[in-house]
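K.L.:
Okay, structure incoming, though there's no sequence with it:
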C-alpha cells in the first residue's frame, strides 16, 4: 500500500498520556451515583448496573508494580466500532491493544467486523501488532469497519455470548455515540443478569459533539472534524474577502445538535451562524430566519460589501416547528399513495400536493422554492418518508433570500448585488487524520478501558477528563453509563437512553456567539482563518482543544 | 483583528530562497528568443519586446555589493493582482517589498486596488512595512483586492501612464494568469512605443496550473490548492473505505484544463479520474463516459465493494464534442427568445426546446436528467448564455450512472447497491494559507521581479526554476513573455496570446495515471490519504512540490 509522507510520519507519533496511565494504576471509587433523571425507572431497568460509583485511576508506586504484574491472568477483549466514523477510532483501538499487552503480553484483542453485526454474526479478526501498527494515528474506521445495526434484542445478546465464549473474550468494548453506549449498558446489564461473566465497556464517540455531560467533557472526533470544517470555512472567508462578490452559504454536518456549527463559528467568526436549538426555542419560522439573514446582507450592502458567510447546521429544517408539521403531513400523505405516483408531470404532482395539505402547511409549501418542494415530495426513502438529511437547506435559504432581496430592491430598500454559492461539509471531516488532541485523547480512552476491564468493571464508559490541561494532567477513570440516562419516547415507547446534549442556550459557547455575532456581521472584517490541522510545530498551534471545550471549562 | 494560532505562527515564517537571491545579483543574458509559434505575426505585433533574451540571475561577490548599492537610485513600483485568487499572491507582494527595500530603503511599493481597474481608475494604496507584515505567508488577495477587468484598450494604458507619473512609478508588476500576462506584454510593448519609461513585469499565477511551458515550470497557487483538495479527497476516500456504502463523485475546479484533477489523482489515487483533454481526444460522448464509470462500479460490486471515488474536472462538459454543440444550439435558440420566456410551466418549456433542437442535440437533451436539462435552459447569464460553470456535472453523471445501473440490474448484469454523494471543491483551496512551497516560490518570484525592474527590463515574466530541488538551488531570472505566445482565435479574431498548457496526454503525469488507473479502480484499495498541508515537521512532509512537477522533471 502506498502512503503519503504524512501517513508515514504519523505512524511513529507517540500519543501524549496522563501521568496516571503511564504505568500501573489503582482504581479509586467515588460515591454511588444516580441517573440524571427518572432515577426510579432507570434503577428498575438496570438493577445490576445502576448506582455504581465513578472511578478514578491513580498511579501505583513503582515498587508495587512488579508484584501486580505477576498476578495478571491473561484475558481477551473484543472491540466494536458502531455508527458514523469519527477521527480517533483507530487510536482507541491501539490504546486498547497496548494496554492489554502491557497488562499481559498473552492478552488478545479481537475486532468484530462491520459494526455490532460482527458480534451478532460472529465475524471477527484478531488484531495483531502488525495490523495495529498500520492504523496508529490514522483516520477512518477501516481497520475493522463500522455499522449501524442496533444491539437491542436478546437473541443478539445471546449470539454475542456464544462467540465471546469461543474466543475466550472477557469483555466487549463498544465505541459509539449515545445510542450505542445506551445499548452497551443494556448489554452489560443483560450479561450480569445472565451471569455469563462478559463485561461491557463503552467509549464516547461522535463528531456531532452531542454525547457530553457532567462527566464526559467531549466525545472524540468532534475536535478533528470541527477543525477540518473550520479550515475550509476560513479559506472560503478569505476568498470572500478577496473576491468581494459572493455570499457563501455553508451547511455543516450535525443533524440533531448544532455543536459543529457553533464550534466552527467560534473558530472562524462568520458573518452569520444559525443555531437550530435557538430557532426552536424562539419558535422561528423559515421566513423569520430568512429575514434575519436578509437584514445582515442589506446592512453589509449599504456599506458596500456584497459578500459574506452563513453557517447552517444540517438539522435546521427539523427544528423549525412549521416545517416539522409540513414534513409530517407529507409523510402521511405520500406513503404508498398510488394516486400521487400515477400523476403525470411535476406540475400535476405539485397541484395534487397543494390540494391535500392543511392550509398552513400549504402556504409554507407554496412559499418554498420549486426545487426544494419537488425534493420534499419526490425523493423519499423506502418507507415513503421525506429524506430530510438530503434537503439542501443552504440552497433553500439562498433562493428565499434572493426572492426577498428582489422585493426589497423593487421597493428601493436594497441596492446591493447578491450572488451566492453553496457548500456542504460533512464527509470531509469524519475520517480526517486525528488531531493531536483526538489522537492523544483516544489513545488514553483505550488504555483506560483496559484498566476498567482488568478490574472487572462493566456498564462503564471509559472516561478521560481535565482535557483543557496538558495531557500529562488528564484524569482517567470510568463513569457508570446509567448515570447519564433518562427516559425518552422513541417510536412511541418510553425508553432508557443517554441524555443527548443539545446546544445549551445558557452555556458559555452559545453565549459567546450571541455576544459577538453583531460584530461578526459588521462590515469591519472579523474573520479568523484557522488554517489546516497541524501535527507538528508550536504547541499552541498543534495541541489546542476546541473553543467549545475551553469556554465550557472557563478558559 | 483576532487571529488563529497558525496565522500568528506563520507571520514569522522566513521563506527559503535561492542562494542567488540572498544578496546582490548580476543579470546574465542568454540567446535571443522566439515565440513558440507564429513568429512572424508575434514579432510584427511586438516589435520592441520580441526576441529578448532569457535572463538568469547570478550572485555578485560580496566585495562588489557595496559599490553597487551606492549607485541605486530610488524608484517606485506598482503592483496589480489580476483574476482569481491563488495562494501565495501576498508573498509575491512581500517579496517585491523586501526586494525593493533591499535595493534602496527609499523605494516605495504601491498596490492598485481591486485588480487592473485600480490602475485605470487611479485607485491605489502605498504598501508600508506594517501592512506587508500583516500579510506575509497568508492566503487570499485581500491585501489590495483583485479584479477581472481586462487591460486591453489604449485609453486604459494611457490612464495608467497618468497615475504612474503622479506616483513616480517606474514599473508595474502584474500578477495574473495567461490572459493577464498576455495583457502585461501588450502594455509593456505600448509603453515602449510611447517611450514613457514605464516597465511592465508579469508573475505566473493560477491554481489551474495551465500557465506553464518550457520556461515556467508551474504557476503559483497550484501546489497549495491541489494539496487542499487532495486532503479532502483523501479524507472522503477513507470515509468511503470505512462506511463501504457510498460512491463519491467529486468535481474539482479548473475549467479549461484538467491539471488539478490529474494532480489530485496522483496524490490520492481515486478509483476513477476523468480528464477532459482525454475525453476530447477520444471524441467521447456523455454515454461513453457513463459507460466507463459503470464498468468500474460493476466490477467493484462483483467483488462486494459498493463504494468508490470519481474525480471530475469542472470543465468536462465543454470538452464533450456533442455537448458543446447542444450548448451552442441552446445559446442561439434562447437568447432574447420571448416566446420561450412566456411559456408557462417547466413541462411546456421542455417540449418547446425539444421541438427546436437538431435531431442529434434533441436526443442528447432528452437523455439528460431533467434537473440538468432544466439548468441548461433556465439558468442563463445576462447575455442569454448557458452558465456552463454552474452545471453540476457530478450530479449529472450520478443520475446517468444510476439509470444505466438500473438497466443492468433489470438484465441481471449488476447485483450491487449504488448510493452516491456529490461534492464540488474550488473555493476551499484558492485562498488557503500557502504551502511552504508556494510561500517560498512566490517570495522568490517577488524578489526576482525587483531585480528585473532595477535592471530596466520590461515585457518579462519573473522566473524561478529548478523547483524540484531544494530552494537554495532554485534558479531565478526572467523570460520574455513574447517567447510563450502564439496566435489564437478569440471572439472571432486572431489574437496574440500566451499558449495555454492543457494536460499533455503524452506527458509523464497523464502517462502515470494511465499506467495505474486500472489498479486504482481495482477492489484492492490503493487510496492514498495525503492529510492536510503541514507547515512544520520533517521536510518530506512539509516541503514537497506537486507530483505533477516531480513527474514532469523526471523524478
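P.N.:
Perfect, I can see it now. Note that the structure is predicted; figures quoted are calculated from it, not measured.
K.L.:
what ranges do the strands span in the stretch 51-200 of chain A?
P.N.:
Ranges of strands in the stretch 51-200 of chain A, per DSSP state E, counting those that start in this stretch, are A:53-59, A:76-81, A:108-112, A:124-126, A:169-176, A:199-204.
K.L.:
What strands flank the longest one, and is each parallel or antiparallel?
P.N.:
Spelled out, it's strand A:169-176. Strand pairing for strand A:169-176, determined by DSSP bridges: strand A:76-81 (parallel), strand A:199-204 (parallel).
K.L.:
if you compare those strands, which one is most tucked away?
P.N.:
Most buried of the strands paired with strand A:169-176, by mean neighbour count (mean count of other CB atoms under 10 Å in any protein chain shown): strand A:199-204, with a mean of 30. To be clear about C-beta, it is placed using only N, CA and C from the backbone, and glycine gets the same treatment.
K.L.:
quick one: residue A:387 from residue B:329, how far?
P.N.:
36 Å (CB to CB, to the nearest Å).
K.L.:
For chain B, what's the nearest residue on the stretch 301-450 of chain A?
P.N.:
Using CB to the nearest CB, the single residue of the stretch 301-450 of chain A nearest to chain B is residue A:431, 3.7 Å away.
K.L.:
returning to what we had before: look at residue A:387 and residue B:329 and report which has more neighbours.
P.N.:
Using other CB atoms under 10 Å in any protein chain shown, the more surrounded residue of residue A:387 and residue B:329 is residue B:329, with 19 against 11.
K.L.:
so which strand or helix has residue A:487?
P.N.:
strand A:485-490 (DSSP states H and E).
K.L.:
pLDDT averaged over that strand - what is it?
P.N.:
Averaged across strand A:485-490, the pLDDT comes to 93.
K.L.:
cool, and stretch A:386-397?
P.N.:
The model assigns stretch A:386-397 a mean pLDDT of 86.
K.L.:
Show the low-confidence segments of the stretch 251-400 of chain A, by residue range.
P.N.:
By pLDDT under 70, the low-scoring segments of the stretch 251-400 of chain A are A:379, A:382-384.
K.L.:
Mean pLDDT added to the strands of the stretch 51-200 of chain A, as TSV?
P.N.:
Formatted as TSV, the strands of the stretch 51-200 of chain A follow (pLDDT from 0 to 100):
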stretch	mean pLDDT
strand A:53-59	97
strand A:76-81	98
strand A:108-112	98
strand A:124-126	98
strand A:169-176	98
strand A:199-204	98
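K.L.:
right, and those - which one's nearest residue A:369?
P.N.:
Smallest distance to residue A:369 across the strands of the stretch 51-200 of chain A (CB to CB): 37.2 Å, for strand A:169-176.
K.L.:
Quick one: name whatever helix or strand follows the one helix or strand residue A:449 maps to.
P.N.:
Per DSSP H and E, residue A:449 falls inside helix A:436-454. Where DSSP H and E defines the elements, the next helix or strand beyond helix A:436-454 is strand A:460-465.
K.L.:
helices or strands up against that next one?
P.N.:
In this structure, strand A:460-465 makes packing contacts with strand A:53-59, strand A:199-204, helix A:436-454, strand A:475-480, judged by 3 or more CB pairs under 8 Å, 6 or more residues apart in numbering or on different chains; DSSP states H and E.
K.L.:
What separation is there between the residue sitting nearest the centre point of chain A and residue B:437?
P.N.:
Against the mean C-alpha coordinate of chain A, by CA atoms, centre = their mean, the closest residue is residue A:208 at 2.2 Å. Look at residue A:208 and residue B:437: by CB to CB, they are 36 Å apart.
K.L.:
again, but for residue A:464
P.N.:
Distance from residue A:464 to residue B:437, by CB to CB: 38 Å.
K.L.:
what about those two, which has more around it?
P.N.:
Of the pair residue A:464 and residue B:437, residue A:464 is the one with more neighbours under other CB under 10 Å, namely 30 against 26.
K.L.:
For the more buried one, give the beta-bridge partners.
P.N.:
Residues in a beta bridge with residue A:464, per DSSP bridges, are residue A:476.
K.L.:
Up against chain B, what does the stretch 1-150 of chain A have?
P.N.:
Within the stretch 1-150 of chain A, the positions near chain B by CB under 8 Å from any CB of the partner chain are A:1-7, A:9-10, A:84-85, A:138-142, A:145-146.
K.L.:
Which among the residues you listed count as buried?
P.N.:
A:4-7, A:9-10, A:84-85, A:138-142, A:145-146 (16 or more other CB atoms under 10 Å in any protein chain shown).
K.L.:
which residues in the stretch 201-350 of chain A form strands?
P.N.:
Using DSSP E, counting those that start in this stretch, the strands of the stretch 201-350 of chain A run over residues A:247-252, A:272-273, A:308-313.
K.L.:
And the last one, what does it pack against?
P.N.:
If contacts are counted by 3+ CB pairs under 8 Å, 6+ apart, strand A:308-313 sits against helix A:222-243, strand A:247-252, helix A:259-268, strand A:272-273, helix A:286-302, helix A:393-410.
K.L.:
For that strand, which strands pair with it and how are they oriented?
P.N.:
Neighbouring strands of strand A:308-313 in its sheet, by DSSP bridges, are strand A:247-252 (parallel), strand A:272-273 (parallel).
K.L.:
Return the angle between stretch directions for it and helix A:286-302.
P.N.:
Interaxial angle of strand A:308-313 relative to helix A:286-302 (axes from the mean of the first three to the mean of the last three CA atoms, to 10 degrees): 160 degrees.
K.L.:
Which residues does strand A:308-313 contact?
P.N.:
With CB atoms under 8 Å, 6 or more residues apart in numbering or on different chains as the test, strand A:308-313 has contacts from A:233, A:236-237, A:240, A:247-252, A:254, A:257-258, A:260-261, A:264-265, A:268, A:270-276, A:293, A:296-297, A:300, A:393-394, A:397, A:521, A:527.
K.L.:
Next one, pLDDT for the nearest residue to residue A:474 once chain neighbours are set aside please.
P.N.:
Nearest non-adjacent residue to residue A:474, counting by CB to CB, 6 or more residues apart in numbering or on different chains: residue A:18, 3.9 Å away. According to the prediction, residue A:18 has pLDDT 97.
K.L.:
count of neighbours near residue A:18?
P.N.:
24.
K.L.:
Name all residues that make contact with it.
P.N.:
Here residue A:18 is in contact with A:444, A:464, A:471, A:472, A:473, A:474, A:475, A:476 (criterion: CB under 8 Å, 6+ apart).
K.L.:
Ok, residue A:55 next?
P.N.:
When contacts are counted by CB under 8 Å, 6+ apart, residue A:55 touches A:27, A:28, A:29, A:30, A:452, A:455, A:457, A:460, A:463, A:477, A:478, A:479.
K.L.:
Now list the buried members of the residues you listed.
P.N.:
Buried among the contacts of residue A:55 by 16+ other CB under 10 Å: A:27, A:452, A:455, A:457, A:460, A:463, A:477, A:478, A:479.
K.L.:
does the third one really touch residue A:28, like I thought?
P.N.:
No - in this structure residue A:455 lies outside contact range of residue A:28 using CB atoms under 8 Å: 10.9 Å.
K.L.:
Leaving out sequence neighbours, find the closest residue to residue A:460.
P.N.:
Among residues not flanking residue A:460 along the chain, residue A:478 sits closest, at 3.9 Å (CB to CB, 6+ apart).
K.L.:
likewise residue A:91?
P.N.:
Excluding the flanking residues, the one nearest residue A:91 by CB to CB, 6+ apart is residue A:442, at 3.7 Å.
K.L.:
any idea how far the one you found lies from residue A:220?
P.N.:
The gap separating residue A:442 from residue A:220 is 5 Å, by CB to CB.
K.L.:
Then residue A:228?
P.N.:
Relative to residue A:220, residue A:228 is positioned 14 Å away (CB to CB).
K.L.:
again with residue A:554
P.N.:
When distance is defined by CB to CB, residue A:554 is 22 Å away from residue A:220.
K.L.:
got it, and residue A:431?
P.N.:
Remark: distance between residue A:431 and residue A:220 (CB to CB) = 13 Å.
K.L.:
next one: residue A:323
P.N.:
Going from residue A:323 to residue A:220 by CB to CB gives 32 Å.
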